[in-house]
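Enquirer: Could you work out the structure for the sequence below:
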Amino acid sequence: MDFTINEMQEMQRNLQDKYKDKWETIGPETGKNKLLWMVGEIGEVIDIVKKNGGTKSCSDEALRKDLVEEMADVLMYYNDVLLCYGISAEELKQSYSEKYLKNMKRW
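Expert: Down below sits the predicted model:
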């Protein structure tokens, strides 16, 4: 089963709409704050792996559950950032594809 950027962005739009009176609005001026929240969540992912090692973080059921949950948090903020700056899945795919091709020709 695939889980697409478009699906994630739609879910984030729904969350943003539901909590529009509680959360800061989505827009270019709040993108910085969303980036900072995302970095904080990346730090939580790093803490799990740093404290337990990569293999144990993947194989221990409880640690893996925590790892996946924190990665989901990273993706939620990542999608908020995309929404803040109006970056579509199509734009992201284009840029990603171009970088992929450059890297495939690198060495």
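
Enquirer: any idea how far Gly31 lies from Trp23?
Expert: Per CB to CB, to the nearest Å, Gly31 is found 14 Å from Trp23. In this view, the C-beta of every residue, glycine as well, is placed from N, C-alpha and C.

Enquirer: Give me the more crowded residue out of the two.
Expert: Just comparing Gly31 and Trp23: by other CB atoms under 10 Å the higher neighbour count belongs to Gly31, 18 against 12.

Enquirer: residue ranges for the helices of the chain, please.
Expert: 5-18, 31-52, 54-59, 61-84, 89-104 (DSSP state H).

Enquirer: Contacts only, for the residue positioned nearest the centre of the chain.
Expert: Nearest residue to the geometric centre of the chain (CA atoms, centre = their mean): Leu75, 2.0 Å. Going by CB atoms under 8 Å, 6 or more residues apart in numbering, Leu75 touches Met8.

Enquirer: what's the distance between it and Trp23?
Expert: Leu75 is 17 Å from Trp23, by CB to CB.

Enquirer: so what's the closest residue to Cys84 other than its chain neighbours up against?
Expert: Of all residues not flanking Cys84 in the chain, Gly31 sits nearest, at 3.6 Å (CB to CB, 6 or more residues apart in numbering). Contact partners of Gly31, counting by CB under 8 Å, 6+ apart, are 81, 84-85.

Enquirer: ok, now Ile5?
Expert: Here Ile5 is in contact with 79, 82, 89, 92 (criterion: CB under 8 Å, 6+ apart).

Enquirer: Of those, which is the most crowded?
Expert: Asn79 leads the contacts of Ile5 on contacts (other CB under 10 Å) with 24 neighbours.

Enquirer: From Lys102, how far off is it?
Expert: On the measure of CB to CB, Asn79 and Lys102 end up 25 Å apart.

Enquirer: From Lys65, how far out is the residue nearest to Cys84?
Expert: 30 Å.
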